[in-house]
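**Student:** Structure, please.
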Amino acid sequence: MKNKIIILLTLLLFVSCSNLKSNEKNAEKKYEILLNNWELDKLNSLLESESNPVEMKITEKYKILLQEKIKEKSNLEKMIEKLKFDLKSNNFTNLEMYFNDSFVNRKIISEIKKIDFSEFEIMISKPKLYKNTASNTAAVIFRDQVEYFQFYYKLSNKKWSIIEIKDGR
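**Tutor:** Numbering: from 1, shown residues only. Here you go, the predicted structure:
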């Protein structure tokens, strides 16, 4: 009888420990999905509400990653605003720094330099982010004509760059 109780308690201990690991992995998967989808507010509130001592190590790791993502998002938004300002003021001296180095992008840069943007109104949507990429739409308005462009960005070595521009909505 005594042996059965000891075996039962040992078995119960192992089952509960494996359950803790499972909960830990589920929490980490949930955090990773929110981080990849740039759902930073949801992730922050989830991390702040987490009080399970077993998951504290994972929670701390994702709090650091969250702060990095917030900074990266801010850097992208600042880059987009600076690009818009540089285009409106026809300041093309550092235009290459915004673009990923490729043949197509060099061609786009040479075409951009030929245009006087001071007469244009430029409107830019908020970027949609996923993992290490982002995209947004820009509208260039001249008098009664509107041209739409789709911008695609990539985060590489903690620096955002334009990898592609497509015509259209």
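**Student:** And stretch 127-139, what's buried?
**Tutor:** The neighbour-count check on stretch 127-139 (16 or more other CB atoms under 10 Å) flags 127, 129, 134, 135, 136, 137, 138 as buried. Every residue, glycine included, has its C-beta placed from N, CA and C.
**Student:** what helix or strand is the third one on?
**Tutor:** With elements delineated by DSSP states H and E, residue 134 resides in strand 133-142, which encompasses its position.
**Student:** send the alpha carbons of the following helix or strand past that strand over as CSV?
**Tutor:** Beyond strand 133-142 on the C-terminal side, the first helix or strand identified by DSSP H and E is strand 145-156. Extracted in CSV, the C-alpha atoms of strand 145-156 (Å, rounded to 0.1, in the frame of the first residue of the first chain):
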residue,chain,number,x,y,z
GLN,A,145,-4.4,63.8,-60.6
VAL,A,146,-3.5,61.1,-58.0
GLU,A,147,-0.9,58.4,-58.5
TYR,A,148,-0.6,55.6,-56.0
PHE,A,149,2.5,53.6,-55.1
GLN,A,150,3.0,50.6,-53.0
PHE,A,151,6.2,50.7,-50.9
TYR,A,152,7.8,47.5,-49.5
TYR,A,153,10.4,47.6,-46.8
LYS,A,154,12.8,45.1,-45.2
LEU,A,155,14.5,45.2,-41.8
SER,A,156,18.0,44.1,-42.0
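**Student:** could you give the angle of strand 145-156 to strand 133-142?
**Tutor:** 160 degrees (axes from the mean of the first three to the mean of the last three CA atoms, to 10 degrees).
**Student:** which helices and strands does whichever helix or strand comes after strand 145-156 pack with?
**Tutor:** Downstream of strand 145-156, the next assigned helix or strand under DSSP H and E is strand 159-167. Strand 159-167 is packed against helix 56-88, helix 103-112, strand 145-156, with contacts defined by 3 or more CB pairs under 8 Å, 6 or more residues apart in numbering; DSSP states H and E.
**Student:** neighbouring contacts of strand 159-167?
**Tutor:** By CB atoms under 8 Å, 6 or more residues apart in numbering, the list of residues contacting strand 159-167 from outside reads 72, 75-76, 79, 98-100, 102, 104-105, 108, 134, 147-154.
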